[in-house]
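missing the sequence, but the structure's below:
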């Protein structure tokens, strides 16, 4: 092995070690009730679900991402099938954005334990009235609002401040309609 290959191998080993340490810290930080322990899922299956849910990198990461792909979302949320994810998108439970022939799911709409963003189901139909593109909806949800201390609507929804976000959405949709 030449020096370049040896350096690369060392970097990967160091990264893997640091990643394992960081994952362990994150797992211990998850409240026990959010671990979604079930009698029918072994730790190995839970680990496989986690690895499958590893985010997909995209040029939109800085504005809206990171993202999950469909297979990752099926596994992470234990949806059972791609059709169940598609049905959740059709119902307005999950925001999906097209990227070429693929569909990706912005991770901001989920908590670290996989819970859906509160009130997204009520908010998305309202946004769709004037923001047809799911990308526009995702950008709206992730644009800092000066009146909210530069927090994004998605941040506020995660904090439970749904009334302010719904009022802002209604006002923005009303302005776009006129």
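Structure received. What you see is a predicted model; the values in this text were computed from it and never measured.

report pLDDT for the closest residue to residue 89 other than its chain neighbours.
Nearest-residue entry for residue 89: residue 96, 4.6 Å, with adjacent residues in sequence omitted and distances by C-beta to C-beta, 6 or more residues apart in numbering. Where you see a C-beta, it was placed from the backbone N, CA and C, and this is true even at glycine. Here the pLDDT value assigned to residue 96 is 92.

hang on, isn't residue 162 packed against residue 119?
Yes - judged on C-beta atoms under 8 Å, residue 162 makes contact with residue 119 at a distance of 4.4 Å.

and the most centrally placed residue in the chain, what is it in contact with?
Central residue of the chain (C-alpha atoms, centre = their mean): residue 107, 1.0 Å from the mean position. In this structure, residue 107 makes contact with 55, 65-68, judged by C-beta atoms under 8 Å, 6 or more residues apart in numbering.

6 Å - rerun?
Contact analysis of residue 107 by C-beta atoms under 6 Å, 6 or more residues apart in numbering lists 66, 68.

and it, what's its pLDDT?
87.

what of residue 69?
So residue 69 comes in at 85 (pLDDT).

repeat for residue 31
Model confidence at residue 31 (pLDDT) stands at 68.

one more: residue 166?
For residue 166, the pLDDT comes out at 91.

ok, now residue 137?
For residue 137, the predicted pLDDT is 92.

counting neighbours, what do you get for the closest residue to residue 141 other than its chain neighbours?
Spatial nearest neighbour of residue 141, excluding adjacent residues (C-beta to C-beta, 6+ apart): residue 154 at 4.5 Å. Residue 154 has 21 neighbours, counted by other C-beta atoms under 10 Å.

my guess is residue 154 meets residue 139, correct?
No - counting by C-beta atoms under 6 Å, residue 154 stays clear of residue 139, with 10.6 Å between them.

so which elements touch the one helix or strand residue 136 maps to?
Using DSSP states H and E, residue 136 falls within helix 134-141. Here helix 134-141 touches strand 97-99, going by 3 or more C-beta pairs under 6 Å, 6 or more residues apart in numbering; DSSP states H and E.

what about 8 Å?
strand 97-99, helix 120-128, helix 153-159 (3 or more C-beta pairs under 8 Å, 6 or more residues apart in numbering; DSSP states H and E).
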